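A.B. asks: Quick one, what's the 3D model for this:
(chains A and B)
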Amino acid sequence: MQLRTVNGEVAKFTSRGEAAARGLSDFIARDTSVAYTFVAPAFFLLLFLVAYPFVLSVWFSVSDARVGETGSFVGLANFERLLGSDIFRQTLKNSLVFTSIALLLKTVFGMALALLLFRVARFKRLIRGAVLLPFIVPTALSTLVWWWMFEPLYSVVNWTLKHLHIVNKDVPWLPDPYLAMFTVILVNTWRGLPFFAITLLAGLVAIPRELYEAAESDGAGPAARFWHVTVPLVKPVLAVVILFSAIFTLADFNIVYILTKGGPMNMTHLFATYSFALGLQSGQIGQGAAVSLFLFPILLGVVFTQLRLVRKSTTYD
Amino acid sequence: MTRRSWWSRPTRSLFTLYLPVAPFVFFALFPLYFMLVTSFKKNAELYNVNATPFFIRQGLTLGHYEMLSKDTMFWSWFANSLIVSIAATVVSVLIGILAAYPLARLRFPGADSFGVAIFITYLVPPSLLFLPLSTVVNRLGLSDTLWALIVTYPTFLVPFCTWLLMGYFRTVPKEIEECAMLDGCNRFQTLLRILLPVAVPGVICAALFAFTLSWNEFLYSLVFVSPAELKTMTVGVFSELIRGDIYYWGGLMAGACIGSLPIVVAYVFFLDYYVSGLTAGAVK
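C.D. replies: Residues are numbered from 1 along each chain as shown, chains lettered A, B, ... in the order given. As a prediction, the model looks like this:
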């Protein structure tokens, strides 16, 4: 009797254990199907409207497709023709100059602004709100006012410079190739600076106050505290911001298209505007796709670095 | 201490803090101020080379706004922007919530690669894909309709919303969900009744950003929709108000002002959400 009971108990136990195990695996299996169901809309959206267009873009770039025609395979002819073309080489140079100077300006002034905003106590919300505004306002519309401000005849910038006797005749901001590059960089910096400042500010706020107190009690001055406490601790955020901004600065379309359309003499063309001019305005989709694909390796490089940074920061935690 | 004593604290902060901040604030706000001033200035003063451009001396005018309402399809563009932005936002936030939940909570084969895929598309700039997308839009028969934009805007909105909401969902403790599931709720019910109410700030933030990004979008709208009456605000003001060599600067600025207004209003009310959404991508 006793033994049977014990056996019975044991039997019951195992069956209960099995049931629990089965329940758990059922549960996990159900979870997997739930997960796939939930993820499905996003998955199919990205498949049909991001992955498929990307494949199409690669196909275009190795074909002689034109508007309305599928085109046939031409190998790397598009890329060869591009690398041999002066306009494309100019576009490469422009992209390098535009991106590196704009990023440098945004980093330096963004950091300065973040350090200032960090200490602002009075009118804090008002000042932060005002500084962030250029990032929120539609770029296509705010660029119009910059165009008006640099308009050849009625430029407010020239008016001011003339009245301050810095120049005595109108400066040709947009008709001059070098000044046009300066102007598009300026507008890009105006628009992107708030992103740098506000994100770096969030990075600064996250630094524990004790570190500064410890450094101060060790006799570190403000400069030493900046270089040995602030910079190393804000570096991960800074890296992410720069990488993120690098892509979107390099791929900029709105500012250049509205202010200069890539001119004068193609001196402000970037990948996006040149690809637009080739692919849509002159109908050479193959060439246009090849131009925009030059953005892709850079995109991959940024993604790779950023994922590595993310993993690194999680292992430190 | 003696060195500092003749500087009172407020004076010092004025010189070392508020004075250096001033040029940044001026730089940020001047173009927007100038946009507003230009839109209310009479043409006679606007095109007078000797008048001081910073102020309005010869009286305000609503003429540019009237011109915009009467002679252009401005309010159609406004309505189009509104329809497209609201539709794209609703669709993207819903898809984003559904995708973010399993990515933040469940373990399933392929979860990591899908997360990476979302991250990559989050970083894909529209200028990389507008050419093939225009072919896709064409084949779907959506060219020159607002559907072209409602369908394509989610390509950059969904990755953003998913990424943002994943961060928010992860901050909610798992335990409250487990309690609900023990009480017999399924995954969908726990998401709807337990997780979402707690993650409301995240959802508001995602919706605000999605709306802002849609409203501000320019390239897809420029490429996919060409009839004047179907254009969105950003494209309409730019392409329809510049006719040949004639620039209606007053009208352009009036259009830019009204076009920025919905975003600025949303921004004033939800400043903190904008700040948290902006930093979420980089800091989390």
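
A.B. asks: Just give me the residue right at the centre of chain B.
C.D. replies: By CA atoms, centre = their mean, the mean C-alpha position of chain B lies nearest to residue B:212, the distance being 1.9 Å.

A.B. asks: ok, that one to residue B:264 distance?
C.D. replies: Applying CB to CB, to the nearest Å, the value for residue B:212 to residue B:264 is 10 Å. For the C-beta atoms, the positions are set from N, CA and C on the backbone; glycine is no exception.

A.B. asks: tell me which parts of the stretch 201-317 of chain A are close to chain B?
C.D. replies: Within the stretch 201-317 of chain A, the positions near chain B by CB under 8 Å from any CB of the partner chain are A:202-203, A:206, A:237, A:240-241, A:244, A:247-248, A:251-254, A:258, A:271-272, A:275-276, A:279-280, A:285, A:288-289, A:292-293, A:295-296, A:299, A:302-303, A:306-307.

A.B. asks: so what are the domain limits for chain B?
C.D. replies: Listed domain ranges for chain B are B:2-61, B:71-283 (source: automatic domain parsing).

A.B. asks: And the ones you listed, which one averages the lowest pLDDT?
C.D. replies: Among these, domain B:2-61 carries the lowest mean pLDDT, a mean of 86.

A.B. asks: before we move on, back to that, from the residues of the stretch 201-317 of chain A next to chain B, which land in helices?
C.D. replies: Among those, the ones falling in helices (DSSP state H) are A:202-203, A:237, A:240-241, A:244, A:247-248, A:254, A:258, A:271-272, A:275-276, A:285, A:288-289, A:292-293, A:295-296, A:299, A:302-303, A:306-307.

A.B. asks: Return a PyMOL selection command for the buried portion of these.
C.D. replies: Per 16 or more other CB atoms under 10 Å in any protein chain shown, the buried members of those correspond to this PyMOL selection:
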select buried, chain A and resi 202+203+237+240+241+244+247+248+254+258+271+272+275+276+285+288+289+292+293+295+299+302+303+306
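
A.B. asks: surely residue A:82 meets residue A:290?
C.D. replies: Yes. Look at residue A:82 against residue A:290 with CB atoms under 8 Å: they come within range, at 5.8 Å.

A.B. asks: more neighbours, those two?
C.D. replies: More neighbours surround residue A:290 than the other of residue A:82 and residue A:290, with 29 against 21 (other CB atoms under 10 Å in any protein chain shown).

A.B. asks: Next, count neighbours for residue B:9.
C.D. replies: Residues near residue B:9, counting by other CB under 10 Å, number 8.

A.B. asks: ok, it to chain A distance?
C.D. replies: Distance from residue B:9 to chain A, counting by CB to the nearest CB, to the nearest Å: 11 Å.

A.B. asks: residues contacting that residue?
C.D. replies: The contact partners of residue B:9, by CB atoms under 8 Å, 6 or more residues apart in numbering or on different chains, come to none.

A.B. asks: Now residue 73: closest residue in space, sequence neighbours ignored.
C.D. replies: By default, I'm working from chain A. residue A:63 (5.7 Å; CB to CB, 6 or more residues apart in numbering or on different chains).

A.B. asks: should've been chain B
C.D. replies: Nearest to residue B:73 is residue B:229, by CB to CB, 6+ apart, at 5.3 Å.

A.B. asks: returning to what we had before: tell me the pLDDT of the residue nearest to residue A:73.
C.D. replies: pLDDT, the model's per-residue confidence, is 91 for residue A:63.

A.B. asks: That one and residue A:72 touch, don't they?
C.D. replies: Yes. Between residue A:63 and residue A:72 a contact is recorded at 6.1 Å, counting by CB under 8 Å.

A.B. asks: More neighbours: which of these two?
C.D. replies: Higher neighbour count among residue A:63 and residue A:72: residue A:63, with 21 against 10, using other CB under 10 Å.

A.B. asks: Next, find the distance separating that one from residue A:71.
C.D. replies: 4 Å.

A.B. asks: And residue B:10, by the same measure?
C.D. replies: Residue B:10 is 70 Å from residue A:71, where distance means CB to CB.

A.B. asks: just residue B:20 next, same as before
C.D. replies: 57 Å.

A.B. asks: repeat for residue B:13
C.D. replies: Look at residue B:13 and residue A:71: by CB to CB, they are 65 Å apart.

A.B. asks: Contact partners for residue B:224?
C.D. replies: For residue B:224, the contacting residues are B:133, B:134, B:137, B:142, B:143, B:144, B:148, B:149, B:152, by CB under 8 Å, 6+ apart.

A.B. asks: Now residue A:212: which helix or strand?
C.D. replies: Per DSSP states H and E: residue A:212 is located in helix A:209-217.

A.B. asks: Would you report the backbone torsion angles of the closest residue to residue A:170 other than its chain neighbours?
C.D. replies: Leaving out its chain neighbours, the residue that sits closest to residue A:170 by CB to CB, 6+ apart is residue A:158, at 4.9 Å. Dihedral pair for residue A:158: phi -60, psi -40, per degrees, to the nearest 10.

A.B. asks: And for residue A:158, the neighbour number?
C.D. replies: Residue A:158: 23 neighbours (other CB under 10 Å).

A.B. asks: Could you do residue B:235 as well?
C.D. replies: Using other CB under 10 Å, residue B:235 is surrounded by 25 other residues.

A.B. asks: roughly how far apart are it and residue B:226?
C.D. replies: Counting by CB to CB, the gap from residue B:235 to residue B:226 is 9 Å.

A.B. asks: same thing with residue B:132?
C.D. replies: With CB to CB as the criterion, residue B:132 and residue B:226 are 18 Å apart.

A.B. asks: More neighbours: which of the two?
C.D. replies: Comparing residue B:132 with residue B:226 by other CB under 10 Å, the one with more neighbours is residue B:132, at 27 against 12.
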